[in-house]
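> Please work out how this folds:
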Amino acid sequence: MRPVIVITGGTGLIGRALTGLLVRKQYRVHILTRQPERYSGTDVVSYFAWDWTRRQIDGRVFEGTTALVHLAGANIGAQRWTENYKAQIAGSRILSLAFLRDFMMQNGIQVQYFAGASAIGYYGCVTDDRPRSEADPPGTDFLARLTVRWEQTSQSMKAVAAKVGILRTGVVFDRREGAFPRMIRPLRWGITSPLGTGRQWIDWIHIHDIARMYLFMLENAVEGTFNAVAPDPLTYRQFVQTTAAFLGRPCCLPPVPGFLVRWLTGSSACLALEGMPIESDKIRSAGFEFHYPQTEDALRDLLKV
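Numbering: from 1, shown residues only. As a prediction, the model looks like this:
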């Protein structure tokens, strides 16, 4: 019998990549989703209904389960951060996980390992050149406060999991979805303008490596909190310069003023306008090896040049 891994958010960008890896490694995957009828299961991938807002879940999802991966969460960059959307961002991550924990405790369900998602937003929405490690304190803005609560709830999963690991994820670079296609679209059109000062750092990770990192955590039952970023952060201006060179575009046009980005996107503008370098030494010391450690390696694969 194959080991069973339960994934929340399994139909999202990272969840799909991780599911593919798990299947190739001879695992069975149970995916929790609000709309299981939208997906066709297989012999090794099954979909189960849940709705944390109504405290409903198909308990069969935990049959034979050895580990749980919590990736669920509303897209933080999908729209302006109204108070209502901030509540959705927080609830879909924190309250959904608390519901899972409570359900498992009430039904005597235990797993060997829990892997929780987090974000480098933990360190705050600021720009400077001082590298941050896992030992650095959190910031004080909305994302930082959210991430602290998120990680606290993940740590509370020790009540139902023998071991707990958390990944603070950076910007996931994927060819078709997420931030990367939006970032390079203007460059393809020849609009090679950095955003804001261009000094803000981009702490990225290739989609293949973030999926592999979750697999590494699961297979080695790695405990602790780790930065999930490639060991080659770069500033936004450097990103534009490097990507424009790959695309054969001249560089660089004058930057897009920060006030214009803020006017268009509101407080979520910090996602594009702020950032500091984040270290990945801890996860590498634990034994993880990146397939795409350098920006050029990732761009060559993502752009197929």
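> And for G224, the neighbour number?
13 (other CB atoms under 10 Å). For glycine as for every other residue, the C-beta is placed from the backbone atoms N, C-alpha and C.
> Disregarding residues adjacent in the polypeptide, which is nearest to it?
Of all residues not flanking G224 in the chain, G165 sits nearest, at 6.3 Å (CB to CB, 6 or more residues apart in numbering).
> what comes into contact with the host helix or strand of the one you found?
Following DSSP states H and E, one finds G165 within strand 161-169. The contact list for strand 161-169, computed with CB atoms under 8 Å, 6 or more residues apart in numbering, reads 14, 67-68, 110-120, 122, 134, 147, 151, 154-155, 157-158, 205, 210, 213-214, 217, 221-229, 278.
> strands paired with it, and their directions?
Note on strand 161-169: by DSSP bridges, its sheet partners are strand 111-119 (parallel), strand 224-228 (parallel).
> Can you check which of those strands gets nearest to I7?
The closest of those to I7 is strand 111-119. By CB to CB, the value is 9.2 Å.
> Any chance of JSON lines for the strands paired with strand 161-169, columns distance to A272 and mean pLDDT?
Output for these, formatted as JSON lines (distance: least, CB to CB, whole Å; pLDDT from 0 to 100):
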{"stretch": "strand 111-119", "distance to A272": "15", "mean pLDDT": "98"}
{"stretch": "strand 224-228", "distance to A272": "20", "mean pLDDT": "98"}
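> Can you tell me how far the residue nearest to G224 is from P255?
Separation of G165 from P255 (CB to CB, to the nearest Å): 39 Å.
> between the two, which one's more packed in?
Higher neighbour count among G165 and P255: G165, with 24 against 18, using other CB under 10 Å.
> T192 belongs to a helix?
No: checked against DSSP: H, G, I helix; E, B strand; the rest coil, T192 lies outside a helix; its state is coil.
> Pull the contacting residues for Y123.
Contact analysis of Y123 by CB under 8 Å, 6+ apart lists R132, D136, P138, G139, A144, M276, I278.
> just curious, which of the residues you listed is nearest to I184?
I278 (21.3 Å).
> ok, residues contacting stretch 243-261?
Against stretch 243-261 from outside (CB under 8 Å, 6+ apart): 183-184, 187-188, 190-198, 237, 240-241, 269, 272-273, 299-300, 303, 305.
> Could you rerun that using 7 Å?
184, 187-188, 190-198, 237, 240-241, 269, 272-273, 299, 303, 305 (CB atoms under 7 Å, 6 or more residues apart in numbering).
> Please point out which parts of that stretch sit buried.
T243, A244, F246, L247, R249, C251, C252, P255, V256, G258, V261 (16 or more other CB atoms under 10 Å).
> Save those residues as CSV, and put in pLDDT too.
Converted to CSV, the buried residues of stretch 243-261 look like this (pLDDT from 0 to 100):
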residue, pLDDT
T243, 95
A244, 93
F246, 91
L247, 92
R249, 90
C251, 85
C252, 82
P255, 83
V256, 87
G258, 85
V261, 83
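> Nearest to V171 among these?
T243 (13.3 Å).
> Could you check which helix or strand contains the closest one?
Going by DSSP H and E, T243 is in helix 236-247.
> Give me the distance from that helix to the chain's centre.
Between the centre of helix 236-247 and the centre of its chain there are 23 Å (CA atoms, centre = their mean, to the nearest Å).
> Can you dump the C-alpha atoms of it in CSV for me?
What follows is helix 236-247, C-alpha atoms only, in CSV (Å, rounded to 0.1, in the frame of the first residue of the first chain):
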residue,chain,number,x,y,z
TYR,A,236,14.4,44.3,-9.4
ARG,A,237,16.7,46.3,-11.7
GLN,A,238,19.0,43.3,-12.0
PHE,A,239,16.1,41.1,-12.8
VAL,A,240,15.0,43.4,-15.6
GLN,A,241,18.6,43.7,-17.0
THR,A,242,19.1,39.9,-16.9
THR,A,243,15.7,38.9,-18.3
ALA,A,244,15.9,41.6,-21.0
ALA,A,245,19.3,40.2,-22.1
PHE,A,246,17.8,36.7,-22.4
LEU,A,247,14.9,38.1,-24.4
